[in-house]
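Visitor: sequence and predicted structure below; questions after.
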Amino acid sequence: MPSFELVPGDPASPVLLHVPHSSRRIPADVRPGILLDDAALERELDHITDAHTDRIAEVAAKMAGLTPWRFVNRVSRLVVDPERFPDEREEMTAVGMGAVYTGTSHREALRPDGTDPEPLIERYFRPYARAMAAAVADRLAATGRAMIIDVHSYPTEPLPYELHGEGPRPPVCLGTDAFHTPSELLAAAREAFAPCGETGLDSPFSGTYVPLEFYGKRREVGALMVEIRRDTYMTEPGGPAGPGLSRLAASLAALVDTVPG
């Protein structure tokens, strides 16, 4: 099974639904580098995985008037986290959660001290980054712009690894970037997700994902992060989805439909 997948949408759609954290899969040859026993690893996956966000994006894509493209990570973020900076710019390195995690969501050891992250970065992180950049470039070439909508979720109660967990935790948090998030996209998102409850801004998580080739350089590349509080659509932690999933997918589809082809 490949480590990521680009699911084609309508050739005229500029939208990429990006789903980086929905998978629980850890390849067999990566597993020995993780210190947790099997039961502890399952518990960690329950807490750290954005469960069912791939399904939310899939249902939304089917409901949208113009089918968006989807870029989905097919391995767990415990392998590599494709949204982290792979260098000293990444603030989450302070809690052992840079591009290759060395700590768990509860600030316990995930990998041995001195683990070299480079083999995993070379095998998983860089190919993912190149493929995502190519997908954005393809939308730019086809439509003149690209709109990345990041689909995430977060727990109702803060986890110990969170650096900014003391702020509001609304049903839907919208993460923005001063350069890449147009005001009209943010306004459309607030309206689209209104049926799901309150929408907040950049708390408990902030920012957006844009491939580094375009980051801070191309305004034609728009981006917005959608963070969904997990109790609105699933049983925490790591349990089944409930009826809220369909409502959230409908809101995401409504947001996609505000981005003209």
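Guide: In hand now; what should we look at?

Visitor: rest of the way, CA atoms for contacts and neighbours
Guide: OK.

Visitor: do a quick rundown of the helices in this protein.
Guide: Assignment of helices within the chain using DSSP state H yields the ranges 38-48, 53-63, 118-120, 126-143, 183-192, 244-256.

Visitor: any idea how many residues pack against the residue nearest to P2 when sequence neighbours are not counted?
Guide: Using Cα to Cα, 6 or more residues apart in numbering and skipping residues adjacent in sequence, the residue nearest P2 is R74, 6.9 Å away. A count of nearby residues for R74, using other Cα atoms under 10 Å, gives 20.

Visitor: where does the prediction get shaky in the protein?
Guide: Flagging of the chain using pLDDT under 70 yields the residue ranges 87-88, 90, 261.

Visitor: for the nearest residue to G197 once chain neighbours are set aside, list the residues it contacts.
Guide: Spatially, and ignoring its direct neighbours in sequence, G197 is nearest to P171 (5.9 Å; Cα to Cα, 6+ apart). By Cα atoms under 8 Å, 6 or more residues apart in numbering, the contact list for P171 reads 196-200, 228-229, 232.

Visitor: inside strands: which ones of these?
Guide: Counting by DSSP state E, the contacts of P171 place 199-200, 228-229 in strands.

Visitor: could these be laid out in CSV, adding neighbour count and distance to L212?
Guide: Below are these laid out as CSV (neighbours: other Cα atoms under 10 Å; distance: Cα to Cα, whole Å):
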residue, neighbour count, distance to L212
T199, 21, 28
G200, 17, 26
I228, 25, 25
R229, 20, 28
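
Visitor: which residues does W69 contact?
Guide: 6-10, 13-17, 61 are the contacts of W69 under Cα under 8 Å, 6+ apart.
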